[in-house]
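Participant: Okay, sequence plus prediction incoming.
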Amino acid sequence: MTDKMFAVFLVDDDAGVLKALSRLLKANDYEVHTFTSPQAFLAQHDSSVPGCAIFDVAMPGLDGLELQQAVTAGGSQLPVVFLTGKGDIPTSVRAIKAGAVDFLTKPVNDRDLLSAVARAKAQDGRTRQIHTELESIHARMSTLTPREREVLTHVIAGKLNKQIAGDLGTVEKTIKVHRGRMMKKLGLRSVADLVRLAEKAGILVQSKS
């Protein structure tokens, strides 16, 4: 069965390469979209679609690395595999440092290409899972009142209810109520879980002093 939930975007100004790679990937149950120029790809790229890209390094206009930078600048975390007509160590190092999944030399070995695409698929899956988790966390955080959020920052700093009450100028009983409501809204039972969730949400821990 064809994997319609994962697309491979091929960008190469060589029509022969596009045809050969497209045939290989489709034979291995990938949905394939081909582009003969970086500009055509950028005009149609939708980062919400699960997938990866295979970019030729040497193309007129934007080269593969510049195309990768343009995609990243647009907020996409699309995994990229690079293809080059010649072994270029400095360029491959730059590509890998920029987050490329792999850097392969033409004519590319079928097994190497399929292996790189499989890694890209796994990477894309992990990235989207993390993104979904963060969206869920921020959605739950948005349900907190300003006071509940204040209490949260004090709790993850390790303060007791009595200390928090003193800091916020209220009584311990009120803090217990806010704390209980905050934990219920976030779907948490322990301070350890709260600390982990706050870290993922990027909430800084205040000092105890």
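Facilitator: Nice, I can see it.

Participant: mind showing which ranges of this structure have poor pLDDT?
Facilitator: 1-4, 87-89, 204-209 (pLDDT under 70).

Participant: now do 80
Facilitator: Within the chain, the ranges that satisfy pLDDT under 80 run 1-5, 61, 86-99, 204-209.

Participant: where along it do the helices fall?
Facilitator: 15-27, 38-44, 64-73, 89-97, 110-141, 146-156, 161-168, 172-186, 191-201 (DSSP state H).

Participant: and these as JSON lines, adding distance to residue 58 and mean neighbour count?
Facilitator: (C-beta placed from N, C-alpha, C; glycine too.) Output for those, formatted as JSON lines (distance: least, CB to CB, whole Å; neighbours: other CB atoms under 10 Å):
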{"stretch": "helix 15-27", "distance to residue 58": "12", "mean neighbour count": "15"}
{"stretch": "helix 38-44", "distance to residue 58": "11", "mean neighbour count": "15"}
{"stretch": "helix 64-73", "distance to residue 58": "7", "mean neighbour count": "18"}
{"stretch": "helix 89-97", "distance to residue 58": "9", "mean neighbour count": "13"}
{"stretch": "helix 110-141", "distance to residue 58": "18", "mean neighbour count": "15"}
{"stretch": "helix 146-156", "distance to residue 58": "51", "mean neighbour count": "18"}
{"stretch": "helix 161-168", "distance to residue 58": "61", "mean neighbour count": "16"}
{"stretch": "helix 172-186", "distance to residue 58": "51", "mean neighbour count": "17"}
{"stretch": "helix 191-201", "distance to residue 58": "40", "mean neighbour count": "15"}
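
Participant: CSV for those helices, including distance to residue 7?
Facilitator: Formatted as CSV, the helices of the chain follow (distance: least, CB to CB, whole Å):
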stretch, distance to residue 7
helix 15-27, 10
helix 38-44, 11
helix 64-73, 14
helix 89-97, 21
helix 110-141, 10
helix 146-156, 39
helix 161-168, 50
helix 172-186, 35
helix 191-201, 28
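
Participant: Paired strands for the lengthiest strand in the chain, with orientation please.
Facilitator: Taking DSSP state E as the criterion, the chain has its longest strand at strand 3-11. Strand 3-11 sits in its sheet next to strand 30-35 (parallel), strand 51-56 (parallel), going by DSSP bridges.

Participant: Would you mind putting those strands into a markdown table with mean neighbour count and distance to residue 168 alongside?
Facilitator: Shown next, in a markdown table, are the strands paired with strand 3-11 (neighbours: other CB atoms under 10 Å; distance: least, CB to CB, whole Å):
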| stretch | mean neighbour count | distance to residue 168 |
| --- | --- | --- |
| strand 30-35 | 19 | 54 |
| strand 51-56 | 25 | 48 |
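
Participant: how's the protein carved up into domains?
Facilitator: 3-130, 143-201 (automatic domain parsing).

Participant: of those, which approaches residue 137 most closely?
Facilitator: Of all the domains of the chain, domain 143-201 sits nearest to residue 137, with 5.0 Å by CB to CB.
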